[in-house]
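Peer 1: Quick check, what structure comes out for this input:
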Amino acid sequence: MNKLLNLLGFLVVLVFCVFTGSNAEGLGSCSSWHVARSGYTCWDMASTCGVSLQQFMGTNSLSSYDCDYIQIGRKYCCN
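Peer 2: Purely as a prediction, here's the structure:
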């Protein structure tokens with residue numbers, strides 16, 4: 001019974017993370033955040049953060065595909 005409850009708890013957390021699009025917001029090591037606004041690209045976000053595009057994408061686990069769909073209002077890690 002405990003194994004079943006642990007599995008259910010894990011699945012609830014997994015589903016929450018997937019459906020909230022949370023990949024960077026849960027990073028405990030991030031000390032600087034920037035909120036995406038309408039029209040922003042990964043390049044804009046990286047520039048605002050003062051980091052390279054590659055660093056921004058790596059920190060936030062973004063692919064080139066993800067950069068085409070920056071989520072307005074979402075916090076992205078800058079460091």
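
Peer 1: Just name the shakiest helix or strand of this structure by mean pLDDT.
Peer 2: Here the helix or strand of the chain ranked lowest by mean pLDDT, DSSP states H and E is helix 2-20, holding a mean of 44.

Peer 1: in the protein, which spans are strands?
Peer 2: Ranges of strands in the chain, per DSSP state E, are 33-35, 75-77.

Peer 1: Just send the ones you listed back as TSV, with distance to residue 49 too.
Peer 2: Any C-beta I mention is one placed from the backbone N, CA and C, and that applies to glycine too. Below are the strands of the chain laid out as TSV (distance: least, C-beta to C-beta, whole Å):
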stretch	distance to residue 49
strand 33-35	6
strand 75-77	8
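
Peer 1: out of those, which comes closest to residue 60?
Peer 2: In terms of C-beta to C-beta, the element of the strands of the chain nearest to residue 60 is strand 75-77, at 5.2 Å.

Peer 1: And stretch 57-70, what's buried?
Peer 2: Neighbour counts over stretch 57-70 (16 or more other C-beta atoms under 10 Å) mark 57, 59-60, 62, 67, 70 as buried.

Peer 1: Give the rounded mean pLDDT of it.
Peer 2: When pLDDT is averaged over stretch 57-70, the result is 90.

Peer 1: outside of stretch 39-46, which residues touch it?
Peer 2: The list of residues contacting stretch 39-46 from outside it, by C-beta atoms under 8 Å, 6 or more residues apart in numbering, reads 34, 36, 52-53, 55-57, 62, 66-67, 70, 72, 76.

Peer 1: go on, stretch 52-61?
Peer 2: Taking C-beta under 8 Å, 6+ apart as the rule, stretch 52-61 contacts 23-24, 27, 30, 42-43, 45-46, 49, 51, 62-63, 66-67, 76-79.

Peer 1: same thing but 7 Å
Peer 2: 23-24, 42-43, 45-46, 49, 67, 76-77, 79 (C-beta atoms under 7 Å, 6 or more residues apart in numbering).
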